[in-house]
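> here is a sequence with its predicted model. Questions after.
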Amino acid sequence: MRHVRLGDLDVSRIGLGAMGMSFGYTGAGSDDDESIRTIHRALDLGVTFLDTAEVYGPFTNEELVGRALKGRRDSVVLATKFGFVSHTGRAGLDSSPASIRTAVEGSLRRLETDYIDLYYQHRVDPQTPIEDVVGALARRPHRTRR
């Protein structure tokens, strides 16, 4: 499998997006064991980049990916996203610093990890200045180690 640099990360050119395993398209109601086998097979074939988001499910997709990565976390570049789910009671998109803090804590718990390699905004939140979003991410809440 060929790899590319993504900032300071080394990732496989082919990644696996997990959304369809538990949300959207045909994923709702799919078999978790089959999805975990699919993730394991992708890793065995050299895929090192996995993508999920808190909104998929919501939340259940991150839990699925977390279960699939038990014992294999260090061999994967893990990406997840925030901003579609409000954690402050606001309707619609919410990338406020308070919501980001709550979102990342939940993602770390559901993914059963102490770090997220690539943590990014799912959609631009027109109610939150981008400087506030960047400021919240600059504090690196998604990295409790490394």
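That came through fine.

> which residue is the nearest non-sequential neighbour of Ile39?
Ala68 (4.1 Å; CB to CB, 6 or more residues apart in numbering). In this view, the C-beta of every residue, glycine as well, is placed from N, C-alpha and C.

> got a list of what the one you found touches?
Counting by CB atoms under 8 Å, 6 or more residues apart in numbering, Ala68 touches Ser35, Ile36, Ile39, His40.

> repeat that for Ala138.
Taking CB under 8 Å, 6+ apart, we find Ala138 in contact with no residue.

> Thr60 now?
With contacts defined as CB under 8 Å, 6+ apart, Thr60 is in contact with Ser22, Phe23.

> need the pLDDT of it.
Thr60 carries a pLDDT value of 93.

> what's the answer for Gln127, then?
96.

> just checking, it is part of a helix?
No - applying DSSP: H, G, I helix; E, B strand; the rest coil, one finds Gln127 to be coil, outside a helix.

> how near is the residue nearest to Ile39 to Pro141?
As defined by CB to CB, to the nearest Å, Ala68 lies at a distance of 24 Å from Pro141.

> for the closest residue in space to Ala53 that isn't next to it in sequence, grab phi and psi.
Using CB to CB, 6+ apart and skipping the chain neighbours, the partner closest in space to Ala53 is Lys81 (4.0 Å). The phi and psi torsions at Lys81 (degrees, to the nearest 10) take the values phi -130, psi 160.
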